[in-house]
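A.B. asks: Structure of the sequence below:
(one chain, ligands or ions: 1)
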Amino acid sequence: MTGNSKIEESLAGVPADVESKGLEDFNLFDPEVQQCPHAYYAKMQTASGVFETDALGTPLYLVTRYDDVVACAMDPSTFSSRFDAGSMEGNSEYARRAQELYDEEGGYERIGTMLTVDPPEHTRYRRLVSQAFTPKAIAELEPTIRDLAGQLIDQLIAVTADGNPTDFVNGFAVPLPVAVIAKALNVPDNRLADFKRWSDASVAGIGTNISVDERLAADREVIEFQKYFAEQLELRREEPQDDLLTDLLNASIDKDADEGIDSTALEIAEMLSMIQQLLVAGNQTTTHLLGEMLLLLDEHPEEWSRLASDPAYGKDVADEALRLAAPTQGMFRVVTEETQIGSTVLPAGSRVVLLYAAANRDPDMWRNPDDFEPGREGLAKHLGFGKGPHYCVGAGLARLEARVVAEELSKRLATISVTNRSEIRYIPSFVLRGPEQIQVVVTAKKVVPDG
Ligand code: HEM
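C.D. replies: Below is the predicted model of the structure:
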């Protein structure tokens, strides 16, 4: 892509010098690249579509075109999700010290469940979790989400009443999803700070490079998380409650012997892994989506006005923000047998990243791919939640949260202005990328008294 001013315009605050850099400088894990990756992805698309890099010391193939990403995501037997197999095995310094830590502290075995296993094992976990995480259970969270959004908007109004900006990310976009998933898991309000800490520790090092000591410090917090939830599960075994943890304990499959799917109920270590994934996958991703949605609305006052006159438009605004921003920009896969994408041959054992963020702006798929056009044709086909067997378990919940937030912001606020647009920095993780801080000033709509 050459001289695409739309990309440069839509990436608020990012220096527009990507064009001069070229792909030879590209490193997916470079924090500066992660400030502004889209123009790099566009360049990869116009080349072969599959970009080879050795940023991890071994070949890594980035798949960028929409059709290729979909084909790989739909073929789990060639593109396996067992990308973290052996991360705690072997003789690396981290593996050895992590094992010691788990043994000393009484941590539970870290078992791969949904995100990091393949069918048919994966199918078993998905079926069990879907017995607990039903559309009805998600819909029942709507009043909680609306109520939380209302409280957080009140706070935004109060703290910016004197015209001084406040941070939308930490004052709104972080606490909302944390409180929602805590509610879904029935965690008491006084553990919310721990909940956020455990969630952050669980993703430390994903899609970014941190030291062995930093990883072990994060593991210590993960063990704390495991112990808390193991105790909560035991409490529910003795005294069942009407909540997701009890549903997970009760979840079992009766009639899948023919399909080769193990029909036993879940072990504690399996449940802990699934709870950790629900916690982790649901927090930072949704935080980032809410931040990106706000930035896009600030950048497009005409869309903010349309939303204000038609709050139901929030659904399309949320999905278009997901397409453009894709907080989970990509996910790893491992190639099980030699295969070919376009002209690129991928040897067995290669690591691959399915770059959902790139596919979401593929010009062969989307008209004016860099433009913010809520309600655009084919919007539902975006890959912000992935595709195929690993399609996001929490998509319904994340969509609900983003839609309710868009609706409530537009109902309650006359204006919301971003004041630090030129200084916004992104969390430099391609798996969990999003704006670090968004300073805003808001004004409330005037309430017209009844009668
Ligand atoms: C805007 C918010 C969200 C985004 C952008 C997002 C994105 C994604 C993506 C792209 C995948 C596919 C991963 C792959 O291809 O391997 C995924 C999977 C997953 N997501 Fe989400 N997600 C979000 C919210 C949530 C929420 C709220 C939850 C739970 C409450 C959740 C739980 C999961 C889980 C458990 C998986 C693994 C599913 C599997 O491997 O079968 N996500 N998510």
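A.B. asks: hey, where'd the strands end up in the stretch 351-451 of the chain?
C.D. replies: Secondary structure of the stretch 351-451 of the chain by DSSP state E, counting those that start in this stretch: the strands cover 351-354, 413-418, 426-427, 434-435, 439-444.
A.B. asks: Smallest distance to the ligand belongs to which residue of the stretch 351-451 of the chain?
C.D. replies: Relative to the ligand, the nearest point of the stretch 351-451 of the chain is G394 (2.0 Å; Cβ to the nearest ligand atom). Just so you know, the C-beta spots here come from the backbone N, C-alpha and C atoms, and that holds for glycine as well.
A.B. asks: Around the closest residue to that residue other than its chain neighbours, how many other residues sit close by?
C.D. replies: Closest residue to G394 apart from its sequence neighbours, by Cβ to Cβ, 6 or more residues apart in numbering: G282 at 4.9 Å. Each residue near G282 was counted by other Cβ atoms under 10 Å, and the total is 23.
A.B. asks: got the phi/psi numbers for the residue of the stretch 351-451 of the chain closest to the ligand?
C.D. replies: With angles defined as degrees, to the nearest 10, G394 sits at phi -100, psi 10.
A.B. asks: Likewise for D67?
C.D. replies: phi -60, psi -40.
A.B. asks: cool, and V334?
C.D. replies: Dihedral angles (degrees, to the nearest 10) for V334: phi -120, psi 130.
A.B. asks: so it sits right up against L354, yeah?
C.D. replies: No - taking contacts as Cβ atoms under 8 Å, V334 lies outside contact range of L354: 11.7 Å.
A.B. asks: and for those two, which residues touch both?
C.D. replies: F79 (Cβ atoms under 8 Å, 6 or more residues apart in numbering).
A.B. asks: mind listing the strands in the protein by residue range?
C.D. replies: 50-53, 60-63, 79-80, 166-167, 331-335, 339-341, 344-346, 351-354, 413-418, 426-427, 434-435, 439-444 (DSSP state E).
A.B. asks: if we compare those, which one ends up closest to L322?
C.D. replies: strand 434-435 (11.9 Å; Cβ to Cβ).
A.B. asks: Does anything pack onto the closest one? Which helices or strands?
C.D. replies: Packing contacts for strand 434-435, counted by 3 or more Cβ pairs under 8 Å, 6 or more residues apart in numbering; DSSP states H and E, involve helix 268-299, strand 426-427.
A.B. asks: How much space separates the residue nearest the centre of the chain from the ligand?
C.D. replies: Against the mean C-alpha coordinate of the chain, by Cα atoms, centre = their mean, the closest residue is T285 at 3.0 Å. From T285 over to the ligand the distance is 3 Å, taken as Cβ to the nearest ligand atom, to the nearest Å.
A.B. asks: wait, doesn't that residue sit right on Q329?
C.D. replies: No - counting by Cβ under 8 Å, T285 stays clear of Q329, with 10.7 Å between them.
A.B. asks: Flag the shaky bits of the stretch 101-250 of the chain, pLDDT-wise.
C.D. replies: In the predicted model, the stretch 101-250 of the chain carries pLDDT under 70 at residues 205-209.
A.B. asks: Contact residues of it facing the ligand?
C.D. replies: 114-115, 126, 181 (Cβ under 6 Å from any ligand atom).
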